[in-house]
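S.K.: fold the following, please.
(2 chains)
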Amino acid sequence: MAKSHKPVVWFPFAAGGTVIAFCMPVIVLLTLLAALGHAPAGLDYQNMHVFARSGLGKLIIFGVVALSLWSSAHRLRCTCYDFGLRADTLAATVLYAAAIFGSIASAVFLARI
Amino acid sequence: MSRKPLVRECPPTTWYFRQPRYMRYMSREITSIFVGAYCVLLVVGLQRLADGPTAWEGFLLALQSPASIVFQILALVAAVYHAATWFNATQKAMPIQIGEGFVPGNLISGAHYAAWAVLSLIVLILAGVF
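M.R.: Numbers count the residues shown, from 1 in each chain, chains lettered A, B, ... in the order given. Next up is the predicted model:
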């Protein structure tokens, strides 16, 4: 059977698309509330710190951020192509590298908390 | 080679203006720009949180700039549009068969919408919005 590296790209894309659909609107809503001066208590440093310190919190934050980054990178690659950028290898390399870098950075930040 | 090969004309940068359905496809594609940019914002926020209380307060304060508010409103619209189109597509992407028949598509999408509403409500309650 022919082997393809596509599932490796595809699985995090589909998982990320689902995570974005379920979680992103409410996350944006929370930061938007904070931006409008109505920051909910959950966004206080104390509460965020406690959440990000717990193992479950770290797992949730990393899962949401890393999967969303990867899914966005994959979608942006397709968007670049659709808008007429035919240098697909370049776009894929830059965007996936950025997603991997962002995921590693998130893991490092979480480890520091 | 005597026959002329078929060359389909497809302008690479303007093809989507041809049909409303292409435009709808592209409008969904564009949401990835805002969602992707917002993901970067999340990573920056995580860095500020790791840097301590002062950095975190500064991050929350920086969110209040007019440009940031406009961006977040656009990101919210993009995220909701992505979610709605994603849930609408679930009934095509994973039809569920029971016996001879299929579960009605709207039931599958509807279940996703319901789960989305419940999850969002739980997050809002846990975050202390209400």
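S.K.: give me the longest helix you can find in chain A.
M.R.: helix A:6-35 (DSSP state H).
S.K.: just give the closest residue to residue 15, not the sequence neighbours.
M.R.: Just so you know, I chose chain A. Closest residue to residue A:15 apart from its sequence neighbours, by Cβ to Cβ, 6 or more residues apart in numbering or on different chains: residue A:67 at 5.3 Å. Backbone N, C-alpha and C define where each C-beta goes, glycine included.
S.K.: actually chain B
M.R.: residue B:22 (6.7 Å).
S.K.: check the burial of that neighbour by counting its neighbours.
M.R.: 13 (other Cβ atoms under 10 Å in any protein chain shown).
S.K.: number of nearby residues for the nearest residue to residue A:84 once chain neighbours are set aside?
M.R.: Once flanking residues are discounted, residue A:84 sits nearest to residue B:13: 3.4 Å by Cβ to Cβ, 6+ apart. As a burial measure, residue B:13 scores 10 neighbours (other Cβ under 10 Å).
S.K.: do residue B:20 as well
M.R.: Other residues close to residue B:20 by other Cβ under 10 Å number 9.
S.K.: next one: it from chain A, what distance?
M.R.: 16 Å (Cβ to the nearest Cβ, to the nearest Å).
S.K.: what about the strands in chain B?
M.R.: Along chain B, counting by DSSP state E, strands occupy B:97-98, B:101-102.
S.K.: tell me the most buried of those strands?
M.R.: With neighbours defined as mean count of other Cβ atoms under 10 Å in any protein chain shown, the strands of chain B peak in mean count at strand B:101-102, which reaches a mean of 10.
S.K.: which residues does that one contact?
M.R.: Strand B:101-102 is contacted from outside by B:95, B:96, using Cβ atoms under 8 Å, 6 or more residues apart in numbering or on different chains.
S.K.: again with stretch B:61-73
M.R.: Against stretch B:61-73 from outside (Cβ under 8 Å, 6+ apart): A:28, A:31, A:32, A:34, A:35, A:36, A:37, B:34, B:37, B:38.
S.K.: from these, pick the one nearest residue B:83.
M.R.: Taking Cβ to Cβ as the measure, residue B:83 sits nearest to residue A:28 out of those, at 10.7 Å.
S.K.: if I pick the closest one, what's in contact with it?
M.R.: Contact analysis of residue A:28 by Cβ under 8 Å, 6+ apart lists B:38, B:72, B:75, B:76, B:79.
S.K.: and the spatially closest residue to it that is not a sequence neighbour, how many neighbours?
M.R.: Excluding the flanking residues, the one nearest residue A:28 by Cβ to Cβ, 6+ apart is residue B:76, at 4.5 Å. Neighbour count for residue B:76, taken as other Cβ under 10 Å: 20.
S.K.: check the one 5 residues further on too.
M.R.: For residue B:81, the neighbour count with other Cβ under 10 Å is 17.
S.K.: which non-adjacent residue is nearest it?
M.R.: Leaving aside its sequence neighbours, residue B:81 sits nearest to residue B:31 (Cβ to Cβ, 6+ apart; 5.3 Å).
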